[in-house]
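In: Here's a sequence, model it:
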Amino acid sequence: MQILYPQDDPHRLECPHCGLRTVVTRTQHHYICLNCRWERNVSRGGPPTMGDFLLFIVTLFLVVWILG
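Out: As a prediction, the model looks like this:
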């Protein structure tokens with residue numbers, strides 16, 4: 001396993017699970033804690049935002065208006 005440190009921060013990141021500064025990057029978007037094995041893949045999208053919700057509502061309104 002090759003361990004790559006973040007380019008923009010020369011110090012290790014703090015783990016949100018155990019609180020130790022033992023988080024390293026396995027790949028460009030995959031972080032793992034060497035202490036508690038917590039993992040996070042940040043390449044996937046996060047939870048929906050308010051902008052996503054508003055876009056859905058506007059799209060739904062337009063579809064109902066066009067078909068109605």
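In: Could you report the distance from the most centrally placed residue in the chain to Gly68?
Out: When CA atoms, centre = their mean is applied to the chain, the residue found nearest the centroid is Val42 (3.3 Å). Plainly put, Val42 is 41 Å away from Gly68 if you go by CB to CB, to the nearest Å. Glycine gets a C-beta too; all of them are placed from N, C-alpha and C.
In: Likewise for Pro47?
Out: As for Pro47, its distance to Gly68 is 31 Å (criterion: CB to CB).
In: Please name the nearest non-neighbouring residue to Cys36.
Out: Cys18 (4.2 Å; CB to CB, 6 or more residues apart in numbering).
In: burial measure for the one you found, as a count.
Out: 14 (other CB atoms under 10 Å).
In: what residues are up against it?
Out: For Cys18, the contact set (CB atoms under 8 Å, 6 or more residues apart in numbering) comprises 33, 35-36, 38.
In: same question, Leu20
Out: If a contact means CB under 8 Å, 6+ apart, then Leu20 has 14, 33, 35-36 as its contacts.
In: Thr22 too?
Out: Here Thr22 is in contact with 12, 15, 33-35 (criterion: CB under 8 Å, 6+ apart).
In: Surely Phe61 forms part of a helix?
Out: Yes - judged by DSSP: H, G, I helix; E, B strand; the rest coil, Phe61 forms part of a helix.
In: what about it, how many residues close to it?
Out: 10.
In: One more: Val23?
Out: The number of residues packed near Val23 is 23, by other CB under 10 Å.
In: Across the sheet, point out what pairs with it.
Out: Here Val23 sits in beta bridges with Leu13, Cys33, as judged by DSSP bridges.
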